[in-house]
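> How does the following fold in three dimensions:
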Amino acid sequence: MELSDISYSFVFYIVLFAILVYFFVNFLYNTPSYQQLNEGFYGGVAAGSGTPLCLRDLPEGSEILNALMEGVNKNRDISEGSADYRELQLILSKLGCLKHDLLSPSGIVNTTKNLAFETAHDRVNVGELTAMCLNQSIPSRDLDISFISFRDRARVLLRKLCTEANLTEKQVIKLEILLKKAWSDVYEIAKSRCLKTDFALQHGGQVLGDVGGYIPEDIVNLRSYDYIRQASGWNGSI
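This is a model prediction of the structure:
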């Protein structure tokens with residue numbers, strides 16, 4: 001092979017390499033960049049966090065489960081895999097994930113959508129509950145029923161697990177207070193985000209599920225109407 005042929009081959013490969021580099025750089029330059037979508041608490045993890053999910057958003061829930069596990073370690077009669085323990089985990093996860101989704105700026109059903117339905121404490125799938133809340137299409141009574149079911153079932157499970165773990169009365173009272181605080185926190189958030197009209201606040205804090213009547217504020221101070229018709233006609237009679 002002559003020297004000129006080698007020179008031409010070298011130039012050919014140089015040109016080919018330059019063309020490939022041009023197209024590669026042009027592809028990168030013209031490819032649109034998409035802004036990363038941050039969901040959850042302004043950039044928090046999208047699928048929830050903690051074990052189980054979303055307990056990072058519900059610190060009282062993590063404290064309850066940790067206290068129970070300390071009792072479990074001393075008493076081998078129950079384990080983390082027990083049905084009661086798993087269900088309590090699930091309820092606390094639903095409260096935490098519901099709080100996560102309701103406070104998320106994304107406004108979509110995210111962390112609650114894959115949580116399992118449990119007939120013992122669910123009245124509606126928690127993902128559907130979140131969707132109705134975000135759309136403000138859930139009646140106040142239905143919201144109350146769902147939250148009362150969470151609260152009552154969690155109380156039963158907590159008492160059973162505390163008994164099996166041989167916790168002291170002082171420890172049990174502390175955990176019950178934590179459970180009430182966690183539930184109340186999520187319930188207050190749900191009332192403010194899920195309902196177009198908060199009947200409980202309008203009527204002085206009635207019992208859950210008791211809707212009652214409603215008087216618009218613009219007519220509260222008007223005098224009563226006694227249904228007496230005034231006389232008419234030229235002689236004062238009807």
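> only C-alpha atoms for contact and neighbour calcs from this point on.
OK.
> Show me what the helix or strand encompassing Asn66 is packed up against.
Applying DSSP states H and E as the criterion places Asn66 in helix 59-74. Judged by 3 or more C-alpha pairs under 8 Å, 6 or more residues apart in numbering; DSSP states H and E, helix 59-74 is in contact with helix 140-164, helix 169-194.
> now those as TSV including distance to Leu53 and mean pLDDT?
Shown next, in TSV, are these (distance: least, C-alpha to C-alpha, whole Å; pLDDT from 0 to 100):
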stretch	distance to Leu53	mean pLDDT
helix 140-164	17	93
helix 169-194	15	94
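> can you tell me which of those helices comes nearest to Gln89?
helix 140-164 (9.3 Å; C-alpha to C-alpha).
> Take the helices and strands packed on helix 59-74 and write them to CSV, including distance to Arg56 and mean neighbour count.
Shown next, in CSV, are the helices and strands packed on helix 59-74 (distance: least, C-alpha to C-alpha, whole Å; neighbours: other C-alpha atoms under 10 Å):
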stretch, distance to Arg56, mean neighbour count
helix 140-164, 18, 18
helix 169-194, 12, 17
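> how about the ones you listed, which one is nearest Cys54?
Nearest of these (C-alpha to C-alpha): helix 169-194, 12.5 Å.
> how about His121, secondary structure?
Classification of His121 using DSSP: H, G, I helix; E, B strand; the rest coil returns coil.
> Per-residue confidence, Ala231, what does it come out as?
Ala231 carries a pLDDT value of 51.
> oh sorry, the question was meant for Ser224
66.
> re the thing from before, could you export the helices and strands packed on helix 59-74 as a markdown table, including distance to Thr119?
Listed next are these as a markdown table, based on distance: least, C-alpha to C-alpha, whole Å:
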| stretch | distance to Thr119 |
| --- | --- |
| helix 140-164 | 10 |
| helix 169-194 | 19 |
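> of all the ones you listed, which lies closest to Gly71?
Distance to Gly71, taken as C-alpha to C-alpha, is lowest for helix 140-164 among the helices and strands packed on helix 59-74, at 7.9 Å.
> so which of the helices and strands packed on helix 59-74 gets nearest Ala18?
Of all the helices and strands packed on helix 59-74, helix 169-194 comes closest under C-alpha to C-alpha, at 58.5 Å.
> Counting by contacts, list what that closest one packs against.
Using 3+ C-alpha pairs under 8 Å, 6+ apart: helix 169-194 touches helix 59-74, helix 83-103, helix 126-135, helix 140-164.
> returning to that earlier point: can you tell me which of the helices and strands packed on helix 59-74 is nearest to Asp101?
helix 169-194 (10.3 Å).
> Find me the pLDDT at His203, would you?
The model's pLDDT for His203 equals 47.
> Also Met1?
Reading off the confidence values, Met1 has pLDDT 49.
> Over to Ile219?
Reported pLDDT for Ile219: 68.
> May I ask you to confirm that Leu158 is in contact with Leu88?
Yes - in this structure, Leu158 is within contact of Leu88 by C-alpha atoms under 8 Å, at 7.3 Å.
> Which of the helices and strands packed on helix 169-194 sits closest to Ala182?
With C-alpha to C-alpha, the closest approach to Ala182 among these belongs to helix 59-74: 5.8 Å.
> The closest one to helix 140-164, inter-axis angle?
Interaxial angle, helix 59-74 versus helix 140-164 (axes from the mean of the first three to the mean of the last three C-alpha atoms, to 10 degrees): 20 degrees.
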